[in-house]
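[1] A predicted structure for the sequence below; I have some questions about it.
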Amino acid sequence: MANPLVGIFRVKELRERIIFTMLMLVVFRIGAVLPVPGINVQELNAYFLSQQNSGNAIVDYLDFFAGGAFSNFSVFMLGIMPYISMSIIMQLLLIVFPRLKKISQEEGGKKKIHIYQRIGTVVVCLIQAFAVTQYAQSISRSVENLLTMNIVPFSILAMLTVTVGTMFLMWIGEQITKRGIGNGISLLIFAGIVARLPQALWELLGRVRNGDLNLVFVIVVLAIFVGVVALVVFEQQGQRKIPVNYAKRVVGRRMYGASNTYIPFKINPSGVIPVIFASSILTFPLQIASTIGGNVAWLAAVSQALRPTGPLYNILYVVLIIFFAYFYTQVSLNPIEIAKNIRENGGSIPGIRAERIEEYLTKILNRIVLPGSLYLVLIAIIPTVIQWGFNFPSSISYLMGGTSLLILVGVDLDTMSQVEGLLKMHHHEGLTKKGRLHGRNL
C-alpha cells in the first residue's frame, strides 16, 4: 500500500486527471494517422517508403515535431508548432511595441493578447497549409493517383482541414493543462516523440541485421544517449541559491520576526524552451521552402541550404538557442522586479547594498545563462554529430538525439513534480523518498 504508483490511483482527483490526459493523448494519436480528404493513403505510403530508403532528412525532421503526422498527411500534420511559432512572435511584439505591452498589462489584457495569438496562429497555419498543398501537388507529378480529386478543391479542403486540426490540438493542450496532469502543449510533443521511438528502434535493429550499421558503433551511441540523459537530469535539477535575509517588520498589530530564505536560480533558467523556440522558428521557413521548392527555383536553393544536416542550419540553430536562452530568462526572471520585491519586503542580500541588488542579480543571471545555453547547444547538435560520424539514419538520430532527450526528460520531470505535489497535498508519499522533484513547464 506504500507504493507511490498505487497511491496515484487511490487519489480520486489525480486518477481522474491522469485518465483524462490519457484519453486526450489517444485522440491526438488517432488524428495523427487520419489522412486529410483527397489523399490516396496507399500511394502516399509507397512514396514515403521509397524516400525513406533513399533518405529524406527534411521529412524526418518535420515528422519529429509532428509525431509522425507529416508523412501521413494527417489532419494534425502541422502539429502544435504553428502555435509555438506565434507565441514567440507575440512575445517579441510585446517588447517591440509598447502600445501592445500596455494592453497586456491592463485588466483583461492577457485575454486580448491570447485572442490575438489565436488569430495569428490561424494565419500561420493557412500559410503552412498552402505550402503543404503545393508539396502534395509536386508529389502527384511523380506518383499517379495520389490525389483523388482536382487540385483546387483539394487545396481548399486540405488547408481548412489542417488548420482546424492544429487549432483542435491547441484546444486539447489547453484542456490537458486545465483538467489533466502536466503541461498540455509539452505533453503533445512528448507523446509524438514517444510514439515514434519503437519504430525507430525497430529500424535501427533492421539496419544492424542488414549490416548497414556496425553493432559496436550502435552500442557506443546508445551508451552516449544514456550518458546524455543523466547529464540532462543533473542539469535540470541544478540551481544556484541566492541568500536573502528579511528584517523584523510590523504588519498591523503583529510583528513578524526576521527570516532567512533564498532565491533559487536554475543553472538553465529557461529549460528546454530555447531549443523548442529555435526549432520552431527554423521549421517555419524550412517547411515552406521544402514544400514549394519544387515549383520555385530560389526556394529550392533555400531548402537545400536549410537542410537539417547542413552547416547553415546548425549555425542558425546555435545562435537562436543562445538568443532565446537570454531572451526567455529576461522575460521570466526580471532582475528589476525581483530586486524591487526584495526591497519592498525589507529584504537584503548579505554583502550587497540595497541599490546594487539589481546589478548583482543581473550579473549572476548572465553568468548562469551563458554556460546553460552552451550546454543546450551541445545537447541539441548531438543528432547531427551522430548522423555525420556514425552514418545513422536521420529518423533515428532525431528521435534518439539531444533535442528529443531534452524534451522527454524535461516534460517527465515536470509531470512527475505535479503528481508528487498532488500526492503530498492528499497526505500520500511522494514519488521519491529523498529530496524533491524540480519540474519545469515547456
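    Looks like it arrived, so ask away. Numbering: from 1, shown residues only.

[2] Wait, a strand at Ile181?
    No - counting by DSSP: H, G, I helix; E, B strand; the rest coil, Ile181 is located in no strand; its state is coil.

[3] Flag the shaky bits of this structure, pLDDT-wise.
    Counting by pLDDT under 70, the chain shows low-confidence ranges at 1-5, 7, 51-57, 236, 248-259, 293-295, 383-384, 386-395, 400-402, 426-442.

[4] contacting residues around stretch 118-136?
    Residues outside stretch 118-136 that contact it (C-beta atoms under 8 Å, 6 or more residues apart in numbering): 39, 73, 77-78, 82-83, 85-86, 89-90, 146-147, 151, 154-155, 158-159, 162-163, 166-167, 170, 284, 287-288, 290-292, 294-295. Just so you know, the C-beta spots here come from the backbone N, C-alpha and C atoms, and that holds for glycine as well.

[5] Distance from stretch 84-101 to the middle of the chain?
    19 Å (C-alpha atoms, centre = their mean, to the nearest Å).

[6] no wait, stretch 79-98
    For stretch 79-98, the distance to the chain centre is 14 Å (C-alpha atoms, centre = their mean).

[7] looking at this, Val260 is in a strand?
    Careful, residue 260 is Asn and not Val. Yes - according to three-state DSSP, the state of Asn260 is that of a strand.

[8] what about the residue nearest to it when sequence neighbours are not counted, which SS state?
    Excluding the flanking residues, the one nearest Asn260 by C-beta to C-beta, 6 or more residues apart in numbering is Asn245, at 5.4 Å. Following three-state DSSP, Asn245 is assigned to strand.

[9] quick one: the strands in the stretch 201-350 of the chain?
    239-246, 249-251, 254-256, 259-266, 347-348 (DSSP state E, counting those that start in this stretch).

[10] Any idea which of the ones you listed gets closest to Leu422?
    Checking these against Leu422 by C-beta to C-beta gives strand 259-266 as the closest, at 21.4 Å.

[11] which helix of the protein spans the most residues?
    Ranked by number of residues, the top helix in the chain under DSSP state H is helix 109-142.

[12] Report how many residues lie close to Arg353.
    Look at Arg353: counted by other C-beta atoms under 10 Å, it has 10 neighbours.

[13] no wait, Ile181
    24.

[14] wait, it sits on Thr415?
    Yes - the criterion here is C-beta atoms under 8 Å, and Ile181 meets it with Thr415 at 6.2 Å.

[15] Isn't Thr329 up against Asn268?
    No - the criterion here is C-beta under 8 Å, and Thr329 misses it with Asn268 at 9.1 Å.

[16] which residues are contacting stretch 327-343?
    Outside stretch 327-343, the residues touching it (C-beta under 8 Å, 6+ apart) are 91, 244, 263, 265, 269-270, 273-274, 277, 347-349, 354, 357-358, 361-362, 365, 369.

[17] So for this protein, the centremost residue is which one?
    Nearest to the mean C-alpha position of the chain, by C-alpha atoms, centre = their mean, lies Ile276 at 4.2 Å.

[18] Would you mind listing the residues in contact with Leu62?
    70, 283, 286-287, 290.

[19] what helix or strand does it sit in?
    Assigned by DSSP states H and E, Leu62 belongs to helix 57-66.

[20] And the next helix or strand past that helix?
    By DSSP H and E, the next helix or strand past helix 57-66 is helix 81-96.

[21] After that following helix, which helix or strand is next? Please name it.
    As assigned by DSSP H and E, the chain's next helix or strand after helix 81-96 is helix 98-105.

[22] Quick check: the gap between the nearest residue to Ser155 once chain neighbours are set aside and Asn45.
    Leaving out its chain neighbours, the residue that sits closest to Ser155 by C-beta to C-beta, 6+ apart is Thr133, at 4.1 Å. Distance of Thr133 to Asn45, given as C-beta to C-beta, to the nearest Å: 19 Å.

[23] What distance do you get for Asn40 to Leu147?
    Note on Asn40: its distance to Leu147, by C-beta to C-beta, is 7 Å.

[24] Look at those two and report which has more neighbours.
    Neighbour comparison, Asn40 and Leu147: the larger count goes to Leu147, with 22 against 18 (by other C-beta under 10 Å).

[25] Can you report phi and psi for that one?
    phi -100, psi 130 (degrees, to the nearest 10).

[26] before we move on, the earlier item: buried residues, the longest helix of the chain. List them.
    For helix 109-142, a neighbour-count test (16 or more other C-beta atoms under 10 Å) marks 113, 116-117, 120-121, 124-125, 127-137, 139-140 as buried.

[27] relative to helix 57-66, how tilted is that helix?
    140 degrees (axes from the mean of the first three to the mean of the last three C-alpha atoms, to 10 degrees).

[28] Report the inter-axis angle for helix 109-142 versus helix 81-96.
    Put simply, helix 109-142 runs at 140 degrees to helix 81-96, going by the same axes, to 10 degrees.

[29] For helix 109-142, what is the distance to the chain centroid?
    With C-alpha atoms, centre = their mean, you get 19 Å for helix 109-142.

[30] Adjust the sequence numbering to begin at 12 for everything that follows.
    Sure, I'll start numbering at 12, so the last one becomes helix 120-153.

[31] now the angle between strand 270-277 and the host helix or strand of Ile379, please.
    Ile379 belongs to helix 368-391 when assigned by DSSP H and E. On the basis of the same axes, to 10 degrees, helix 368-391 is oriented at 40 degrees to strand 270-277.

[32] Need the residues that contact helix 368-391.
    Applying C-beta under 8 Å, 6+ apart, the contact partners of helix 368-391 are 239, 242-243, 246, 251, 253, 274, 276-281, 283, 285-286, 289, 328-329, 332-333, 336-337, 340, 344, 346-347, 349-350, 353-354, 359-360, 363, 413-414, 416-417.
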